[in-house]
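In: pasting the structure only:
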């Protein structure tokens with residue numbers, strides 16, 4: 001028989017773990033019983049519908065009156081009774097009843113198994129407790145146990161003359177207690193306080209270790225999120241995640257521009273400026289890439305609107321009429337414009353990195369973790 005809800009609620013106040021285990025074990029069995037009860041109800045409904053339909057069919061079948069032959073005129077007519085069907089719902093009823101019975105039996109068996117297992121656990125725990133009590137008592141009665149040695153040492157510190165008692169070094173903890181119950185009680189109290197202090201210290205150390213580990217994990221995550229290839233944190237700064245995101249965007253834009261400029265330089269060295277042809281089309285495509293990356297770099301907010309327009313005008317375009325002249329009066333207009341643009345680009349990139357607490361990394365310098373600073377630290381102390 002299952003425990004009532006009220007009894008379970010009361011037991012939960014003292015043994016919430018036991019009640020949780022009981023419910024976890026019994027809930028599926030109770031659900032099976034509920035399902036079986038529902039199926040029994042559905043079976044009863046099906047039987048009711050079946051009987052109603054049978055009665056309806058029987059009502060439509062009327063008795064047949066047979067007319068008499070000529071030689072039997074005047075006699076009572078012969079009546080042929082209509083066939084009447086009988087509905088039998090016993091099969092459905094028996095099936096749903098059996099299903100419900102099995103579900104309840106399973107529920108009872110599950111509960112019995114649960115409590116049998118709990119009794120075995122309780123018995124095992126009782127045996128362990130009993131064994132521990134015996135072991136503790138054996139230590140108290142063993143003169144060579146650590147407990148007995150500590151008790152003798154305490155007694156000797158409190159009453160030095162006790163060391164002169166015959167066989168003092170063979171006294172057990174139990175014997176020390178008999179010699180001076182009051183003193184022994186003080187000894188046990190101090191021992192308990194010492195153990196409590198050791199436990200508290202151990203807990204403090206564990207919490208400190210956990211806090212240090214959490215901080216180390218957070219530092220590792222921070223380092224990973226703020227690490228940028230080709231850039232390093234400037235001394236005295238500690239960039240935030242937003243700073244790192246902005247610096248990474250600047251690095252990405254700078255790399256795109258540099259790669260496109262290098263390719264444009266190569267094409268220019270090979271064939272000079274071009275107005276038409278494959279090289280001209282490629283140069284135009286490269287300049288478009290530079291324009292898009294430059295807008296991305298400008299969008300990081302370092303340049304003013306006027307500076308942005310000037311920077312855009314400085315981007316070289318070897319496929320344009322204005323730069324389709326090489327060597328006039330000893331001048332190389334494309335190269336001069338490209339060199340000036342590179343200078344401006346480097347200055348802008350350095351300014352953008354600097355605003356976020358980063359600078360270009362020195363490949364010869366040994367990499368170290370970001371130093372603590374005043375620039376938006378994400379980590380608490």
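Out: All right, it came through fine. Small disclaimer: the values here were computed from a predicted structure and weren't measured.
In: Can you list the low-confidence ranges for the stretch 201-350 of the chain?
Out: Residue ranges of the stretch 201-350 of the chain with pLDDT under 70: 273-275, 300-312, 319-332.
In: Residue 290 is in contact with residue 260, isn't it?
Out: Yes. In terms of Cβ atoms under 8 Å, residue 290 counts as a neighbour of residue 260; the distance is 4.9 Å. Any C-beta I mention is one placed from the backbone N, CA and C, and that applies to glycine too.
In: Please identify the buried residues of stretch 171-187?
Out: By neighbour count on 16 or more other Cβ atoms under 10 Å, the buried set for stretch 171-187 is 171-177, 183-184, 187.
In: closest to residue 130 among those?
Out: Relative to residue 130, the closest of those is residue 174; by Cβ to Cβ it sits at 18.5 Å.
In: Tell me which residues touch residue 290, please.
Out: Residue 290 makes contacts with 256-257, 260-261, 264, 315, as judged by Cβ atoms under 8 Å, 6 or more residues apart in numbering.
In: As a markdown table, those with distance to residue 356, neighbour count and secondary structure would be great.
Out: What follows is the contacts of residue 290, written out as a markdown table (distance: Cβ to Cβ, whole Å; neighbours: other Cβ atoms under 10 Å; DSSP: H, G, I helix; E, B strand; the rest coil):
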| residue | distance to residue 356 | neighbour count | secondary structure |
| --- | --- | --- | --- |
| 256 | 18 | 17 | helix |
| 257 | 18 | 25 | helix |
| 260 | 24 | 22 | helix |
| 261 | 23 | 20 | helix |
| 264 | 28 | 24 | helix |
| 315 | 24 | 19 | coil |
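In: Next up, the contacts around residue 21.
Out: If you count contacts by Cβ under 8 Å, 6+ apart, residue 21 has them with residue 114.
In: Check the secondary structure at it for me.
Out: Here residue 21 is recorded as helix under DSSP: H, G, I helix; E, B strand; the rest coil.
In: now the helix or strand harbouring residue 297, how far from the centre of its chain.
Out: Using DSSP states H and E, residue 297 falls within helix 278-298. How far helix 278-298 lies from its chain's middle: 45 Å, per Cα atoms, centre = their mean, to the nearest Å.
In: Of the buried residues of stretch 171-187, which pair is most distant in space?
Out: 172 and 183 (15.3 Å).
In: Could you break this protein into its assigned domains?
Out: 5-58+86-138, 146-211, 231-360 (automatic domain parsing).
In: and of those domains, who's closest to residue 222?
Out: Across those, closest to residue 222 is domain 231-360 (Cβ to Cβ), at 8.0 Å.
In: What's the end-to-end length of the closest one?
Out: 4 Å (Cα to Cα, to the nearest Å).
In: looking at the domains of the chain, which is buried most?
Out: Highest mean neighbour count among those (mean count of other Cβ atoms under 10 Å): domain 231-360, with a mean of 17.
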